[in-house]
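K.L.:
curious how this folds, go ahead:
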Amino acid sequence: MHSEKGARSGILDVARVAGVSPATVSRVINGTAKVSPATREAVQSAISTLHYEPNKFARSLITNRSGIIGVLIDRSIRYATANVLVQLEEYASLMGYMSVVLTVDKPFRERFMQSLTKLRSLSVEGIIVIAPRVGLSKTIVDCHVPEPVIIVSSELSDIGIPMVGEDQYAGACRAVRHLVQSGHRQIWHVAGSQDWFDERRRMEGWKDTLELQGLGAGKMLQASWSPKSAYEIVMDTDFSHCPDAMFVASDHMAMAVIAALISKGLRVPDDISIVGFDDAEGTAYVTPPLTTVKQNLPAVARKAVSLLVSVIEGKPVDMVTMMNSELVIRSSTKDKR
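P.N.:
Numbers count the residues shown, from 1 in each chain. The predicted model follows:
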């Protein structure tokens, strides 16, 4: 018989510690019959003490549920997308689900159907799709997927499939409004790829805030998401008519922009204030520490999993769920009033 400190405990050990029969332990694990709260608590305590892990395959045969969710992620991966993926997997595990992750790339329809076939072979109970690029969410709608599906995207529109994401537009408005309120009038934007809803929403927020403040159209420097592209576009741009500030599409790009401005002999924030987006790791420790928009990615991930579980269980859910971001003010912006 295994002890509490043994290498691997079994259902008999759990039953012994909890003071119940192995059949009762099985009923608690599988939820196949009513068990008193006291007995359930005793079994769960024993499971925790012994670090017992039920056999998922055997459990699926009893409950007719696989305990598996599929996660399809756009292959065009970057910081925020990767962060959501890690958080999704952790929270799904806490909810008792194992995650199977597959990537999707263009052409979306063909690759999506291939990945869907693989997930179906595992009898997944539902699917979360991380869809930052334009076109992927429409593909999912067009494919009429019968399985429960949740989309994670900043598109945030009612397409008939529940969608959750960060309100990128509001975050951009918050960032640009901070610059305006700090006395800046010429505010440029270094843009990420227009193929992403993230950039489209951030650009819209920048444009609309400038217009609302009566500042007219600002200059946009079109880069991709890479720091290299941001550095090069700034180095290739004439700064003889220097802006007061620059709103940059991501933190990694913003750090490259600062390096390029320094190479041009410009000072941040004395000559130009810089605001990034994401609050990526390390941005508080660069020189100068970066003012940025912090996304609540753990909340997005938790909401996506909870929405999927609700759909699996047949409960009603909202079609669009927006999560709020937060402006983090550091030393890369300066009050010029």
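K.L.:
for residue 293, give its distance to residue 86.
P.N.:
Residue 293 sits at a distance of 20 Å from residue 86 (criterion: C-beta to C-beta, to the nearest Å). The way it works is simple: take the backbone N, C-alpha and C, and place the C-beta from them, glycine included.
K.L.:
the more surrounded of those two?
P.N.:
For residue 293 versus residue 86, neighbours defined as other C-beta atoms under 10 Å are more numerous around residue 293 (27 against 12).
K.L.:
secondary structure element holding residue 335?
P.N.:
With secondary structure defined by DSSP states H and E, residue 335 is part of neither a helix nor a strand.
K.L.:
actually residue 69, not the one I typed
P.N.:
In this structure, residue 69 is located in strand 68-74 according to DSSP H and E.
K.L.:
how far does that strand sit from the chain's center?
P.N.:
On the basis of C-alpha atoms, centre = their mean, to the nearest Å, strand 68-74 is displaced by 13 Å from the centre of the chain it belongs to.
K.L.:
same thing with stretch 164-179?
P.N.:
16 Å.
K.L.:
what's the burial count for the residue lying closest to residue 113 once chain neighbours are set aside?
P.N.:
Nearest residue to residue 113 in three dimensions, chain neighbours excluded: residue 143, at 6.7 Å (C-beta to C-beta, 6 or more residues apart in numbering). In terms of burial, residue 143 registers 14 neighbours under the definition other C-beta under 10 Å.
K.L.:
what's the answer for residue 157, then?
P.N.:
Going by other C-beta under 10 Å, the residues that sit close to residue 157 add up to 10.
K.L.:
how about residue 296?
P.N.:
Using other C-beta under 10 Å, residue 296 has 16 other residues around it.
K.L.:
give me the pLDDT value at it.
P.N.:
Model confidence at residue 296, given as pLDDT, is 90.
K.L.:
ramachandran angles for the closest residue to it other than its chain neighbours?
P.N.:
Distance criterion C-beta to C-beta, 6+ apart; nearest residue to residue 296, sequence neighbours excluded, is residue 323 at 5.2 Å. Residue 323 adopts backbone torsions of phi -100, psi 140, taken as degrees, to the nearest 10.
K.L.:
separation between residue 323 and residue 126?
P.N.:
Summarising the geometry, the distance separating residue 323 from residue 126, computed by C-beta to C-beta, is 20 Å.
K.L.:
which helices and strands sit right next to the host helix or strand of residue 23?
P.N.:
Residue 23 is located in helix 22-30, with elements delineated by DSSP H and E. Based on contacts counted as 3 or more C-beta pairs under 8 Å, 6 or more residues apart in numbering; DSSP states H and E, the elements that helix 22-30 packs against are helix 11-18, helix 37-50, helix 56-63.
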